[in-house]
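Participant: Predicted model and sequence below, questions to follow.
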Amino acid sequence: MVNPALILDLVEHTSRLLLGQTVTVSLGGTDQEQNGELVAGWCARTGNELVELRDGVAMVRRGRRPDPFADLAPDQLPGTRLWIYTNFDCNLACDYCCVRSSPQTARRALGADRVRQLATEAVEAGVSELILTGGEPFLLPDLDDLVASCTTALPTTLLTNAMLFRGRRLDMLRRMDRERLTLQVSLDSATPELHDRHRGTGSWQRAVTGVRTAQAEGFRVRVAATLEPDRIIDLAPFRSFLDDLGIDREDQVIRALAHRGAADSGLELTMESLIPEVTITADGVYWHPVSAEDDDQLVTRTLFPLRDAIEETRRLFILHRTRADAAAQWFPCA
Amino acid sequence: MNKPLIIGSVAYTPAVITIWEGIREYFSDSAIDMDFVLFSNYGRQVDALLAGHVDIAWNTNLAWVRTVLQTDGQCRALAQRDTDTVFQTLFVARAGSALTGLESVRGRRLALGSQDSAQAAILPVHYLREAGLGEGDVELLRINTDVGKHGDTGRSELDALRAVMDDKADAAALGINTWEAIGRDELMPGAFEVFWQSPTYSHCNFTALPTLSDERAQPWVDHLLAMDFDNPAHRPILEMEGLRQWVLPQLDGYASLFEAVKEQGVSPRW
């Protein structure tokens, strides 16, 4: 027998709430399953939301939860872009690398088969862009095949330091699809000093040369700079340099350094404060490319089916947003 | 710049703030400047209307009757919810109680809501009298848990139902909105059943004094009536306020309450 008092309590308690606030009610000592169904039925009927049933208690929100994705731009929706870490090893050892890539870093490669499967499943899961990153992807001997499986499926961006466009690797670059592939080159400053301080002597000049090589080969090139937060001011000289280098303004990406990986300072980024970008590595699915080897931002160790990994990321995003909203209600500014 | 129209409303739940901020925002897109003032009870609100501190009061049916009585009928109703035109009082008992109509309450215990609730106290007594049941024929259990708010919180009606569950009463009188809120008899079959329901009557309305000119009132009413349930921007406010459409008032629907107030000697003030 269900407990009618439960519904009377619910009506009374929810009537005192603002829209979006929650209340908990005890399901009573007996027939908890039946009473849980009663609460669910009442919520469905009255336009309220059953948040959870746990340990004999029902949590009910007044009204429906607002769409947690409503405030996001279309390209920010988790699962719109798919990041793929192809290897992790790198020819550089940047002192702020978020995943500690370097020549000493062991290769952790996804491999051509898994990348191909990811690209195929990405299309089915509604992903609209693939983004490949390393370490340095051009260290992979089969990168051209791997990129081809991506560009065949979706528009693709390949992150590189652009320092290895010679010989066999230049030949690989030339075999890539110029219509479907954008190269994103790391370049931090208009002059060598700052860039080389973090990335190694001579790296700035080789990167600039690499940008010019890629442009000459007919590729669209985007430049991404990583700056310490207090340096993101007075960017006009840098932008002017990039303009002269032939980089469109929309392809000039300047972002703050994250305190992750090898970086000893930078923005603190947590799952609560970071909109997820579904990121696949050989080790698992991560919340965001800046945290692609950090257990605190591991979503799941299971890569496939990709749709489930994306769905789990979305579920966690909703959970974090809900908790943040609840915290905001509990801690008003006054 | 015109003086804003000030609307009075009683804050019987925190959601009232959200509702009126939403309505004010809706009006901000029009040429009509309006604001609102919240009161803790209907007595204070009606006093403020009569004193000219607010231009329009969002009144319950009892607050409307009391305003009419205090203004010798000079006040007017501007609009109400579609749900206000078909309000009902229900008599509810435990399922299987064998109560079948008002006459069957004779000699039984009836739980009523707060004394100033038209739907759960004043009108139920009126209906009993119409059915020939006077004082002493029914044992009334009065539950005055939200006096001043004219039963708006619904709390006294929920307490009346609890009294039935706890066998402190054989039946309870409540408004149809509370019956709907608990899912009628469909969510908990075998718990409660309605054994009598009243004719429909009118509930809340926007009340104004003759000092508010048509030139100021009519554009506000016109814009209010233009709120659209199918418009996603308007719908949340309408849902929270419990209506699909604002409508012009049906004054015939207050006749039973005027009679009840007169026969029960309910004070015209507070």
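Facilitator: That came through fine. What you are looking at is a predicted structure, and each value in this text was computed from that prediction instead of being measured. Numbers count the residues shown, from 1 in each chain, chains lettered A, B, ... in the order given.
Participant: For the residue of the stretch 51-200 of chain B found nearest chain A, the count of nearby residues, please.
Facilitator: Of all residues in the stretch 51-200 of chain B, B:Ala191 sits closest to chain A, with a separation of 4.2 Å (Cβ to the nearest Cβ). Any C-beta I mention is one placed from the backbone N, CA and C, and that applies to glycine too. Neighbour count of B:Ala191, defined by other Cβ atoms under 10 Å in any protein chain shown: 22.
Participant: With A:Ala125 instead?
Facilitator: Using other Cβ under 10 Å, A:Ala125 is surrounded by 18 other residues.
Participant: Check whether it really touches A:Pro78, as I assumed.
Facilitator: No - look at A:Ala125 against A:Pro78 with Cβ atoms under 8 Å: they stay out of range, at 11.1 Å.
Participant: roughly how far apart are the residue nearest to the spatial centre of chain A and A:Ser102?
Facilitator: Taking Cα atoms, centre = their mean, the centroid of chain A lies closest to A:Glu277, which sits 1.7 Å from it. To A:Ser102, A:Glu277 is 23 Å away according to Cβ to Cβ, to the nearest Å.
Participant: C-alpha coordinates for the strand or helix carrying A:Arg168, PDB please?
Facilitator: A:Arg168 is part of helix A:167-174, with elements assigned from DSSP states H and E. The C-alpha trace of helix A:167-174 is given here as PDB (Å, rounded to 0.1, in the frame of the first residue of the first chain):
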ATOM      1  CA  GLY A 167      62.100  14.300 -46.500                       C
ATOM      2  CA  ARG A 168      59.700  11.400 -45.800                       C
ATOM      3  CA  ARG A 169      57.600  13.400 -43.400                       C
ATOM      4  CA  LEU A 170      57.100  16.200 -46.000                       C
ATOM      5  CA  ASP A 171      56.100  13.500 -48.400                       C
ATOM      6  CA  MET A 172      53.500  12.300 -45.900                       C
ATOM      7  CA  LEU A 173      52.200  15.900 -45.500                       C
ATOM      8  CA  ARG A 174      51.900  16.200 -49.300                       C
END
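Participant: After that helix, heading C-terminal, what element do we hit next?
Facilitator: Note on helix A:167-174: by DSSP H and E, the next helix or strand toward the C-terminus is strand A:181-186.
Participant: what comes up buried for the following helix or strand past that next one?
Facilitator: Next in sequence after strand A:181-186, counting helices and strands by DSSP H and E, comes helix A:192-199. The neighbour-count check on helix A:192-199 (16 or more other Cβ atoms under 10 Å in any protein chain shown) flags A:192, A:194-196, A:198-199 as buried.
Participant: can you give me how far the lengthiest helix in chain B is from the chain middle?
Facilitator: Assignment by DSSP state H gives helix B:15-28 as the longest helix of chain B. Relative to its chain's centre, helix B:15-28 lies at 20 Å (Cα atoms, centre = their mean, to the nearest Å).
Participant: Show me which residues of it are buried.
Facilitator: In helix B:15-28, counting by 16+ other Cβ under 10 Å, buried: B:15-16, B:18-20, B:22-23, B:26-27.
Participant: related to what we said a few turns ago, spit out the residues that contact A:Ala125 and A:Pro78 alike.
Facilitator: Common neighbours of A:Ala125 and A:Pro78, counting by Cβ atoms under 8 Å, 6 or more residues apart in numbering or on different chains, are A:Ile310.
Participant: wait, what's in contact with residue 268?
Facilitator: No chain in the question, so chain A it is. Contacts of A:Glu268 by Cβ under 8 Å, 6+ apart are A:His259.
Participant: ah, no, chain B please
Facilitator: The contact partners of B:Pro268, by Cβ under 8 Å, 6+ apart, come to B:66, B:69-70, B:261.
Participant: element containing the residue lying closest to it once chain neighbours are set aside?
Facilitator: Leaving out its chain neighbours, the residue that sits closest to B:Pro268 by Cβ to Cβ, 6 or more residues apart in numbering or on different chains is B:Leu69, at 3.8 Å. Secondary structure from DSSP H and E places B:Leu69 in helix B:61-70.
Participant: What are the contacting residues of that helix?
Facilitator: Taking contacts as Cβ under 8 Å, 6+ apart, the residues outside helix B:61-70 that touch it are B:42, B:45-46, B:49-50, B:57, B:59, B:75, B:77, B:87, B:116-118, B:122, B:150, B:201-205, B:207, B:254, B:257-258, B:261, B:266-270.
Participant: Selecting buried members of those in PyMOL, what would you type?
Facilitator: A single PyMOL command suffices to select whichever of the contacts of helix B:61-70 are buried according to 16+ other Cβ under 10 Å:
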select buried, chain B and resi 42+45+46+49+50+57+59+75+77+87+116+117+118+122+150+201+202+203+204+205+207+254+257+261+266
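Participant: now the helices for the stretch 51-200 of chain B?
Facilitator: Assigned by DSSP state H, counting those that start in this stretch, the stretch 51-200 of chain B shows helices spanning B:61-70, B:123-130, B:155-165, B:176-181.
Participant: now A:Pro192, nearest residue through space, not along the chain?
Facilitator: Using Cβ to Cβ, 6+ apart and skipping residues adjacent in sequence, the residue nearest A:Pro192 is A:Trp204, 3.8 Å away.
Participant: Check which helix or strand the one you found maps to.
Facilitator: Assessed by DSSP H and E, A:Trp204 sits inside helix A:203-216.
Participant: gap between the residue of chain A found nearest chain B and A:Ala225?
Facilitator: As assessed by Cβ to the nearest Cβ, chain B sits closest to A:Pro4 within chain A, at 4.2 Å. For A:Pro4, the distance to A:Ala225 equals 64 Å [Cβ to Cβ].
Participant: can you check B:Ala57 too?
Facilitator: 62 Å.
Participant: Around chain A, pick out the residues from the stretch 1-150 of chain B.
Facilitator: Within the stretch 1-150 of chain B, the positions lying close to chain A (Cβ under 8 Å from any Cβ of the partner chain) are B:13-15, B:17-18.
Participant: and with 10 Å instead?
Facilitator: With the criterion set to Cβ under 10 Å from any Cβ of the partner chain, the stretch 1-150 of chain B comes near chain A through B:12-19, B:22, B:94, B:145.
Participant: Please tabulate these in CSV, including the columns pLDDT.
Facilitator: Compiled in CSV, the residues of the stretch 1-150 of chain B next to chain A are given as follows (pLDDT from 0 to 100):
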residue, pLDDT
B:Tyr12, 92
B:Thr13, 89
B:Pro14, 89
B:Ala15, 88
B:Val16, 93
B:Ile17, 93
B:Thr18, 90
B:Ile19, 93
B:Gly22, 95
B:Arg94, 93
B:Thr145, 90
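Participant: Now for the residues you listed: which two are most distant?
Facilitator: B:Gly22 and B:Arg94 (39.3 Å; Cβ to Cβ).
Participant: Who are the packing partners of the helix holding A:Arg168?
Facilitator: Other helices and strands packing on helix A:167-174, by 3 or more Cβ pairs under 10 Å, 6 or more residues apart in numbering or on different chains; DSSP states H and E, are helix A:143-153, strand A:156-160, helix A:203-216.
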